Each structure stands twice: as C-alpha cells, then as structure tokens.
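In: give me coordinates for this.
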Amino acid sequence: MSTSVPLSVLVVDPNVSNRSRIVATLASAGFQIIATDSFEAAKQRIVTSPPAVLITAVKLGEYNGFHLLLRARSAAPTMVAVVTSDDDAAVFQREARQVGATFMADPFTAQDVLAAVFRMLFRTGDAPVSAPFERRLRERRHGEAPIGADRRAGDRRRALDELVNVVSPA
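Out: I've put the predicted structure just below:
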C-alpha cells in the first residue's frame with residue numbers, strides 16, 4: 001500500500017478573506033496549503049520549497065503576482081498557476097495567457113478556484129486553459145441572468161421540497 005503525498009499549493013493574497021476562503025476549500029480537497037500575504041514571504045517559500053500550484057493576487061505591493069509567477073517558474077517550470085484580481089483588465093488576462101496561467105477576476109468563489117486548479121493540473125498538451133466560470137462571472141457583473149436560470153432554481157427547490165416531504169400532494 002502506497003501513501004500519496006498531497007500536492008502543495010502556495011496561496012498569496014493580501015486580502016485576508018480571499019486568502020481564507022481559498023485555503024479552506026483547497027485544504028478540504030486534500031491539498032497541502034501554504035498561505036502568505038506578501039511577495040517577499042512567498043518568494044522565500046518558493047526558494048526553499050517550490051509548490052506544485054501557485055495561486056496569487058495580481059496586486060502584491062511593490063511587485064505583482066506576475067513577477068512572483070515568473071520567479072516561481074524559474075524554480076519549478078511545470079508549476080500550475082492561477083492569478084486573481086478585483087480588476088478585470090484585459091491586460092491582466094493577456095499577461096496570464098502569455099505566462100500560461102488562468103486569470104480570475106472577482107467575484108469568484110473558492111470552488112471556482114478549485115475548478116481552475118484541477119483544470120490546469122489535468123490539462124493535456126500546451127492548449128490554453130480557459131476558466132470554466134468566465135461566462136457566469138461576466139453575466140453576474142453585467143446583471144444578465146442566463147436563460148432558464150429561474151426555472152432551474154425553481155425546479156431544484158421543488159425537487160428538494162419533495163425530497164424532504166414538504167410539498168403536499170396536489
């Protein structure tokens with residue numbers, strides 16, 4: 001019987017709430033988590049023990065998440081990377097594509113980050129990975145509801161009600 005070592009993830013985000021929700025979700029998925037709030041602390045971690053996955057915010061003070069990713073890739077060229085930001089600037093998206101990372105703009109959930117990490121870990125070849133949640137986030141930002149969203153939510157509520165016997169037979 002072999003024991004597997006969990007993949008290590010370095011989460012770098014000065015925003016405490018973002019960092020906490022990402023850490024909690026990834027830890028519950030079985031990853032070994034290292035979290036920090038600064039470029040300098042992350043740089044030291046990468047030098048001593050490069051992680052398999054780097055999740056970093058764009059804004060890290062004097063430097064940014066892309067600077068950190070480039071340093072990290074020199075230590076671990078196959079490192080998977082997700083870059084997050086509260087600004088959906090096209091320049092950030094373009095730069096993420098150029099360095100082989102997935103870019104996510106707020107609002108995003110920790111489950112979205114987990115999905116992006118798995119997609120990056122299990123991608124094949126050099127094909128770029130597009131986040132599975134980009135359309136949903138764009139709709140949320142612009143107030144557009146996907147077609148049938150209300151009907152699906154109603155169907156789910158009815159199914160749940162039936163499951164717990166709340167709905168009386170008609």
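In: just say helix, strand or coil for Thr84.
Out: Taken by DSSP: H, G, I helix; E, B strand; the rest coil, the conformation at Thr84 corresponds to strand.
In: lowest-scoring secondary structure element of the chain by mean pLDDT?
Out: Of the helices and strands making up the chain, the lowest-confidence element is helix 134-142, at a mean of 49, by mean pLDDT, DSSP states H and E.
In: got the domain boundaries for the protein?
Out: As assigned by automatic domain parsing, the chain contains the domains 8-132, 133-170.
In: looking at these, which is buried most?
Out: Across the domains of the chain, averaging neighbours per residue (mean count of other C-beta atoms under 10 Å) puts domain 8-132 on top, at a mean of 17. Where C-beta positions appear, they are placed from N, C-alpha and C, glycine not excepted.
In: just the pLDDT for Ser38.
Out: Listed pLDDT for Ser38 reads 91.
In: for it, phi and psi?
Out: phi -140, psi 160 (degrees, to the nearest 10).
In: just confirm it contacts Pro14, I think it does.
Out: Yes: the pair Ser38 / Pro14 is scored as a contact, 6.9 Å apart, by C-beta atoms under 8 Å.
In: in a strand, that's where Phe108 is, yeah?
Out: No: under three-state DSSP, Phe108 sits outside any strand and is assigned coil.
In: list the residues that contact Lys43.
Out: By C-beta atoms under 8 Å, 6 or more residues apart in numbering, the contact set of Lys43 is Leu68, Arg71.
In: okay, and it sits in which element?
Out: Using DSSP states H and E, Lys43 sits within helix 39-48.
In: show me where the chain has its helices.
Out: Assigned by DSSP state H, the chain shows helices spanning 16-28, 39-48, 65-75, 90-98, 110-121, 134-142, 149-163.
In: if you average pLDDT over each of the ones you listed, which is lowest?
Out: helix 134-142 (a mean of 49).
In: bridging residues for Gly10?
Out: Gly isn't right for residue 10; it's Leu. Beta-bridge partners recorded for Leu10 (DSSP bridges): Ile34, Leu54.
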